[in-house]
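Chemist: coordinates for the following, if possible.
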Amino acid sequence: MVMQASRLKNVRYDIRGPVLRRAQELEAAGHRILKLNLGNPEPWGLNAPEPMMADVVHNLARAQGYSDARGIYSARVAVAQYYQTLGVPDVQPDDVFLGNGVSELIVMSLQALLNTGDEVLVPSPDYPLWTGAVTLCGGRAVHYRCDESQDWEPDLDHIAASITPNTRAIVVINPNNPTGAVYSRQTLLGLLDLARRHDLLVLADEIYDKILYDGAVHECAAALAPDLLVLTMSGLSKTYRAAGFRSGWMAISGPKPAAEEYLEGLQLLANMRLCPNVPAQHAVQTALGGYQSIQELIRPGGRLLEQRDHAWRKLTAIPGVDCWKPRGALYLFARLDPAVHKIHDDQRMIIDLLEQQLMLLSHGSGFNLPTTDHLRMVFLAPVDVLDDATDRLARFLSTYSQ
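Modeler: Okay, the predicted model is just below:
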């Protein structure tokens, strides 16, 4: 027998685990599944801007060989200039790493940092790749509470109480997946002050930084703390609707000389993967420097805003379901009132929903939430599909029990 490596035993990525496998089995049996479980814009007709596509095609002949391990120069210049415009000082092209999506950069940043037993503060709920990657790299994810009653803002007192001598870094997901929270300046300053006092690396996941609603303002963590070492991550998948390009970036800011050994480790890992996807990198400069078409989707009358509002109204009209209205990102993270819906196994509930209604959502505990009373619905689909989805969920919940 060929056995699984022991380091994978405690690695979880439940949102693509047993639920997705069951959906694939049903599809193989001929069923058509309504999938509102992934933030993948393209299946719903939300396509990448045409100038990006044209630049990739135009440069395809020049993208046949390896690039610099950090990425092509024009893309790194564009990323550096973008963060300079946000008020992040001293970000140069050599401080930028391109990646095969932000996912690769998350793993690289932690591989270069963690020894066995080191701790990383991760929000709860989180984008679960962060927790899985910490575990894979030999560390321990310590989850800090985000308070639903306070607009899902991080609980600074809980963060402070969770810091130990083993804590190496803190993850900040803002705007947040899965909650849609956009953190206030005051909260971010408090969080960054904790990082300052305890000498923590700040890992800022800001992939949704332009997907904002109702006048919400995104504060770039690195701009608020130029004295801290901050790794800011973003990419083309969401704002630019090019998830399949797998093109992300990581910008390093702050006191880099004091982190020379760590940064050498990042360069080593970048060299070992040879380089990121070269054709997709040619879209980065055009994306960041061109017309920001995302604004058409999030302003009043825009498709994403209208779909958010419509899905939120329909979802919260279901008895026993409430949901904080997200101010960013692409998701509704709804709560099932335990007095109405007595759910003790939310993964089982999502599988039962899948089998009975042929619809795929995500369970809240899959985002490392310690309770079983939440689910996540993506609102990328048109309003008629969202109507169908919420109707299916309402029918299911009206009779479901565990």
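Chemist: give me the low-pLDDT residue ranges for the stretch 201-350 of the chain?
Modeler: For the stretch 201-350 of the chain, not a single residue meets the criterion pLDDT under 70.
Chemist: residue boundaries of the helices in it?
Modeler: 221-224, 260-272, 278-281, 284-289, 294-298, 303-316, 346-357 (DSSP state H, counting those that start in this stretch).
Chemist: for the helix or strand containing Val57, packing partners?
Modeler: For Val57, the host element (DSSP states H and E) is helix 50-58. On a contact count with 3 or more CB pairs under 8 Å, 6 or more residues apart in numbering; DSSP states H and E, helix 50-58 meets helix 284-289. (Each C-beta comes from the backbone N, C-alpha and C, glycine too.)
Chemist: can you show me the CA trace of the helix it packs on as CSV?
Modeler: Below are the C-alpha coordinates for helix 284-289, written out as CSV (Å, rounded to 0.1, in the frame of the first residue of the first chain):
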residue,chain,number,x,y,z
VAL,A,284,-1.6,42.2,-14.7
GLN,A,285,-0.4,45.5,-16.0
THR,A,286,-3.5,46.1,-18.1
ALA,A,287,-5.8,45.0,-15.3
LEU,A,288,-4.3,47.4,-12.7
GLY,A,289,-3.6,50.3,-15.0
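Chemist: and the contacts of that helix?
Modeler: 49, 51-52, 55, 74-75, 77-79, 81-82, 98, 236, 239-240, 242, 247, 249 (CB atoms under 8 Å, 6 or more residues apart in numbering).
Chemist: quick one: average pLDDT of the helix holding Val57?
Modeler: What helix 50-58 shows for mean pLDDT is 95.
Chemist: still on that earlier bit, can you redo the helices of the stretch 201-350 of the chain as a markdown table with distance to Tyr13 and mean neighbour count?
Modeler: Output for the helices of the stretch 201-350 of the chain, formatted as a markdown table (distance: least, CB to CB, whole Å; neighbours: other CB atoms under 10 Å):
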| stretch | distance to Tyr13 | mean neighbour count |
| --- | --- | --- |
| helix 221-224 | 25 | 22 |
| helix 260-272 | 21 | 15 |
| helix 278-281 | 23 | 22 |
| helix 284-289 | 27 | 22 |
| helix 294-298 | 28 | 16 |
| helix 303-316 | 25 | 19 |
| helix 346-357 | 13 | 19 |
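Chemist: right, and these - which one's nearest Asn177?
Modeler: Asn177 lies closest to helix 303-316 among those, at 14.1 Å (CB to CB).
Chemist: quick one: the closest one to chain centroid distance?
Modeler: Centroid displacement of helix 303-316 relative to its chain, using CA atoms, centre = their mean, to the nearest Å, is 20 Å.
Chemist: where do the strands sit along the protein?
Modeler: Secondary structure of the chain (DSSP state E): strands at 34-35, 96-99, 119-124, 140-147, 153-154, 167-173, 201-205, 230-235, 248-253, 321-323, 331-336, 359-360, 362-363, 374-378.
Chemist: adding mean neighbour count, write those out as JSON lines.
Modeler: Output for those, formatted as JSON lines (neighbours: other CB atoms under 10 Å):
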{"stretch": "strand 34-35", "mean neighbour count": "18"}
{"stretch": "strand 96-99", "mean neighbour count": "26"}
{"stretch": "strand 119-124", "mean neighbour count": "24"}
{"stretch": "strand 140-147", "mean neighbour count": "20"}
{"stretch": "strand 153-154", "mean neighbour count": "25"}
{"stretch": "strand 167-173", "mean neighbour count": "23"}
{"stretch": "strand 201-205", "mean neighbour count": "24"}
{"stretch": "strand 230-235", "mean neighbour count": "26"}
{"stretch": "strand 248-253", "mean neighbour count": "26"}
{"stretch": "strand 321-323", "mean neighbour count": "18"}
{"stretch": "strand 331-336", "mean neighbour count": "24"}
{"stretch": "strand 359-360", "mean neighbour count": "23"}
{"stretch": "strand 362-363", "mean neighbour count": "26"}
{"stretch": "strand 374-378", "mean neighbour count": "25"}
